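Q: just coords:
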């Protein structure tokens, strides 16, 4: 439905691997002080001086993590970078470099990879990171993207998952559930398109959630904001798998429990109306729908005054002793154990 | 032919992604001083103090880079790490950490991934590197491994590809062509096995070249030896694609030409006899067969005395002015232009 049938096509075989890499990376510029040498040797060389180095890797696989029938390649490149930078920001660190591993079958022409690299390049530019290396190879089936992101931080500023204490406040940036509902809308339009390829979908009522799915933004701004507010979270994680699963990660690593309040979970009005339309519970979407790339963190109670009323973050609960477990406190004041799949509705207390 | 039909099988679905990661990484220990935090957070944290950081990424894809019908999974894990460490050593650096991205379809049971990780773990132990993170996900088809390796070096010791000068000597470690001929033997046995599954192949005459294919060793020892000999190469690259292609990389990056002498190329006797058996020219195999993971480097003429007669390295040619081009000087003293595919036999001078 988003495909342009009249695009130019240059077969990848015409370029060869090294020609392809040269072509795709010709507009890559290096801006990070810590990048000594980028693409073009056996490895890149970085200089982090006295800062600590942060490293994270993610794989994105066609048919598992993305569907090219509604994900434009430029957006895919952008989103793949976001998923990685988000992990660096979740350490309260600055992202500085990425490497990109790319496997593609020869059904993709050069122009498709140019689009993908345009998205990768845009993400690098907007978030001020250098593309310093990678590997490009053929695949027997679909497309696969593997990104490793590096970052830097002063040791004193790094935030791990294991520092949350009982009574710390649980805070989330932005709002959640949007990326998942955007996916529902896109999946529905794909099904409609299959039946009648002449329909032109009107996605304008869903533009917020579709954008959350197709062009998420990693929350570099939240890391900067916390620094400005002089708040160092006690623990932090990014929301890639859904609020519930991430809360359980924080609880497990920090050896604490948690009370999450259903009525505090920040939802965009578009998410609420889409949930009504699709007849899905909006709390379940918030807890289990992933890919929001918001930051979830805990702060000491003493820091509450500094973050109170800030439109970029919402206090959604507090940590407890580990023995108390992790629970959702519903609007009806019932306590339901959180599970990685959202909550376990069979096990009410 | 190497498959054990009676193995235990535990389905991956039984563990879930996080259970799987916990299980596979439970025996991982961290030994590098520069590893501050490994697996288990959004990202790993490293501390390289005043050294430079080296980063390289490689993708290995089933059906493109490996064939599981004759590549045991433990060897695959080991080899995947070698391919990456080799790039770090080619910078004259010390490898310190790796991250592993793994995509597998559910046709692989847990025990298969344990084998793979056993190979990865062994490589880490032997080469003294820490496994610090990664991503594990499902794939729609085969297996894919993406490894990023990090290393460290003092700035003054790093060797790039672009430092070779005219009259520098061209040197290769070990011998070449073995991995390619090992692959030919394994491919032939696979074809025999398809016709008659009861045959038991006798690979003993080919043990050296089969091992070169299935269990290559990155040349950390050469980096250490060069240091001991007080030789800093002017340029260096590892041999993953074949001697010819790597020489052309050095020439292009360093803006020099090269004369490679056919009679100097180090070949193991097993490679020569296998070439005779398979009726393939051994020089073509040396030039175009890849995956030897030897180091190819250039040294100033002044350093010749230090490396002369060393059994671990062979002088195979010398660099020239760029305008002279890159050539193979044959045993018959003909000069043939080198191409990325070996040599261009249609273009004799």
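A: It's in. Quick caveat: nothing in here was measured; it's all calculated off a predicted structure.

Q: need the helices for the stretch 51-200 of chain A, in chain order.
A: A:73-89, A:110-127, A:178-195 (DSSP state H, counting those that start in this stretch).

Q: With mean pLDDT, distance to chain B and mean neighbour count as new columns, can those helices be given to me in TSV?
A: Quick note: C-beta positions are derived from backbone N, CA and C, even for glycine. Listed next are the helices of the stretch 51-200 of chain A as TSV, based on pLDDT from 0 to 100; distance: least, C-beta to the nearest C-beta, whole Å; neighbours: other C-beta atoms under 10 Å in any protein chain shown:
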stretch	mean pLDDT	distance to chain B	mean neighbour count
helix A:73-89	96	4	26
helix A:110-127	92	14	20
helix A:178-195	91	17	19
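
Q: Tell me which of these sits nearest to residue A:39.
A: Closest to residue A:39 of the helices of the stretch 51-200 of chain A, according to C-beta to C-beta: helix A:110-127, at 12.0 Å.

Q: quick one: low-confidence parts of the stretch 1-150 of chain A?
A: A:1-8, A:16-18 (pLDDT under 70).

Q: Reformat the helices of the stretch 51-200 of chain A as a markdown table; add distance to residue A:304.
A: Converted to a markdown table, those look like this (distance: least, C-beta to C-beta, whole Å):
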| stretch | distance to residue A:304 |
| --- | --- |
| helix A:73-89 | 22 |
| helix A:110-127 | 30 |
| helix A:178-195 | 26 |
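
Q: Which of those helices sits closest to residue A:255?
A: Among the helices of the stretch 51-200 of chain A, helix A:73-89 comes nearest to residue A:255, with 22.1 Å by C-beta to C-beta.

Q: and residue A:151, what are its bridge partners?
A: Beta-bridge pairing of residue A:151 under DSSP bridges involves residue A:54, residue A:95.

Q: Give the full set of residues in contact with it.
A: By C-beta atoms under 8 Å, 6 or more residues apart in numbering or on different chains, the residues touching residue A:151 are A:53-55, A:88, A:91, A:93-96, B:43.

Q: Tabulate the residues you listed in a markdown table, adding columns for distance to residue A:220.
A: As requested, those are exported to a markdown table (distance: C-beta to C-beta, whole Å):
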| residue | distance to residue A:220 |
| --- | --- |
| A:53 | 18 |
| A:54 | 13 |
| A:55 | 17 |
| A:88 | 9 |
| A:91 | 12 |
| A:93 | 10 |
| A:94 | 8 |
| A:95 | 7 |
| A:96 | 12 |
| B:43 | 14 |
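
Q: hmm, which two among the residues you listed are most spread apart?
A: A:55 and A:94 (13.4 Å).

Q: quick one, which of the two is more surrounded?
A: Counted by other C-beta atoms under 10 Å in any protein chain shown, residue A:55 and residue A:94 do not tie: residue A:55 has more neighbours, with 26 against 23.

Q: rewinding a little: quick check, nearest of the contacts of residue A:151 to residue B:80?
A: residue A:55 (17.7 Å).

Q: Enumerate every residue touching the closest one.
A: Here residue A:55 is in contact with A:148-151, B:43-46, B:97, B:99, B:132-133, B:148, B:150 (C-beta under 8 Å, 6+ apart).

Q: Mind doing that once more with 7 Å?
A: Neighbouring residues of residue A:55 by C-beta atoms under 7 Å, 6 or more residues apart in numbering or on different chains: A:148, A:150, B:43-44, B:46, B:99, B:132-133, B:150.

Q: Look up the closest residue to it, ignoring the ones flanking it.
A: Counting by C-beta to C-beta, 6 or more residues apart in numbering or on different chains, residue B:44 is the residue found nearest to residue A:55 once chain neighbours are left out, at 4.7 Å.

Q: re earlier: nearest to residue B:299 among the helices of the stretch 51-200 of chain A would be which one?
A: helix A:110-127 (37.0 Å).

Q: Tell me the gap between the closest one and the middle of its chain.
A: The chain centre lies 17 Å from the centre of helix A:110-127; the measure is C-alpha atoms, centre = their mean, to the nearest Å.

Q: For that helix, which outside residues touch it?
A: For helix A:110-127, the surrounding residues in contact (C-beta under 7 Å, 6+ apart) are A:7-10, A:12, A:15, A:24, A:27-28, A:73-78, A:81-82, A:85, A:95, A:98, A:100, A:104, A:130-131, A:218, A:220.

Q: So which bits of stretch A:201-215 are buried?
A: Across stretch A:201-215, burial judged by 16 or more other C-beta atoms under 10 Å in any protein chain shown covers A:201, A:206, A:208-215.

Q: Off-centre distance for stretch A:111-128?
A: Remark: stretch A:111-128 is offset 16 Å from the chain centroid, using C-alpha atoms, centre = their mean.

Q: hang on, the earlier thing: of the buried residues of stretch A:201-215, closest to chain B?
A: residue A:213 (18.6 Å; C-beta to the nearest C-beta).

Q: what pairs with the residue lying closest to residue A:143 once chain neighbours are set aside across the strands?
A: Leaving aside its sequence neighbours, residue A:143 sits nearest to residue A:62 (C-beta to C-beta, 6+ apart; 4.5 Å). Going by DSSP bridges, residue A:62 is paired in beta bridges with residue A:66.

Q: Next up, the contacts around residue A:62.
A: Residues near residue A:62 by C-beta under 7 Å, 6+ apart: A:68, A:142-144.

Q: tell me which of the residues you listed is nearest to residue A:275?
A: Distance to residue A:275, by C-beta to C-beta, is smallest for residue A:68 among the contacts of residue A:62, at 26.6 Å.

Q: what's the neighbour count on that closest one?
A: Residue A:68 has 16 neighbouring residues, counting by other C-beta under 10 Å.

Q: can you check residue A:307 too?
A: Applying other C-beta under 10 Å, I find that residue A:307 has 19 neighbouring residues.

Q: Likewise for residue A:11?
A: Count around residue A:11 with other C-beta under 10 Å applied: 10.

Q: From residue A:113, how far out is it?
A: Relative to residue A:113, residue A:11 is positioned 11 Å away (C-beta to C-beta, to the nearest Å).

Q: ok, now residue A:171?
A: With distances taken as C-beta to C-beta, residue A:171 is found 40 Å from residue A:113.
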